[in-house]
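K.L.:
Could you look at this predicted model? Sequence included:
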Amino acid sequence: MKPKVYSIDIDGSLTKSSAWNEQECLDAEPRLDAIERVNELALLNFIVIHTARRHELYLPTIIWLSKHNVRFHAVSFAKMPCDIIFDLDAVNEVNKL
């Protein structure tokens, strides 16, 4: 089977709330079930972490992803073409990915 491109949002999807400043990014509480599923998907698929966070929050975002052992291949601060989207406002739930 051909790998798919998954676009995974952070705020409200990988975290339990939104983060709009550096400290909120670093302190965001993880959704462990979502991270576990994303990590499973990353073994055979291409994972893009997408977010509407401001660009100056890039480093705290990367630090948070690393701290919580989120596996990914790229980060985008804009929506992008993909096969499947997991977002707070999307129809896909983590347990159905």
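P.N.:
Received the coordinates, thanks.
K.L.:
And the helices in this protein?
P.N.:
Using DSSP state H, the helices found in the chain span residues 22-27, 32-42, 58-67.
K.L.:
which secondary structure elements does the shortest one contact?
P.N.:
Packed against helix 22-27, as judged by 3 or more CB pairs under 8 Å, 6 or more residues apart in numbering; DSSP states H and E, are the following elements: helix 58-67. Where you see a C-beta, it was placed from the backbone N, CA and C, and this is true even at glycine.
K.L.:
mind saving the C-alpha coords of the helix it packs on as PDB?
P.N.:
This file holds the C-alpha atoms of helix 58-67, laid out as PDB (Å, rounded to 0.1, in the frame of the first residue of the first chain):
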ATOM      1  CA  TYR A  58       8.300  27.600  15.800                       C
ATOM      2  CA  LEU A  59      11.000  26.800  18.300                       C
ATOM      3  CA  PRO A  60       8.700  26.200  21.300                       C
ATOM      4  CA  THR A  61       6.500  24.100  19.000                       C
ATOM      5  CA  ILE A  62       9.400  21.900  18.100                       C
ATOM      6  CA  ILE A  63      10.500  21.700  21.700                       C
ATOM      7  CA  TRP A  64       7.000  20.600  22.700                       C
ATOM      8  CA  LEU A  65       6.900  17.900  20.000                       C
ATOM      9  CA  SER A  66      10.300  16.600  21.000                       C
ATOM     10  CA  LYS A  67       9.500  16.600  24.700                       C
END
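K.L.:
Would you agree D83 is in contact with V5?
P.N.:
Yes. Assessed by CB atoms under 8 Å, D83 is found in contact with V5 at 5.0 Å.
K.L.:
Distance-wise, check L14 relative to R31.
P.N.:
Distance of L14 to R31, given as CB to CB, to the nearest Å: 6 Å.
K.L.:
One more: V48?
P.N.:
Between V48 and R31 the distance is 18 Å, computed by CB to CB.
K.L.:
Now for the closest residue to S76 other than its chain neighbours: which residues touch it?
P.N.:
Nearest non-adjacent residue to S76, counting by CB to CB, 6 or more residues apart in numbering: H50, 4.6 Å away. With contact set as CB atoms under 8 Å, 6 or more residues apart in numbering, H50 has these partners: S7, I8, D9, I10, V75, S76, F77, A78, K79, M80, D87.
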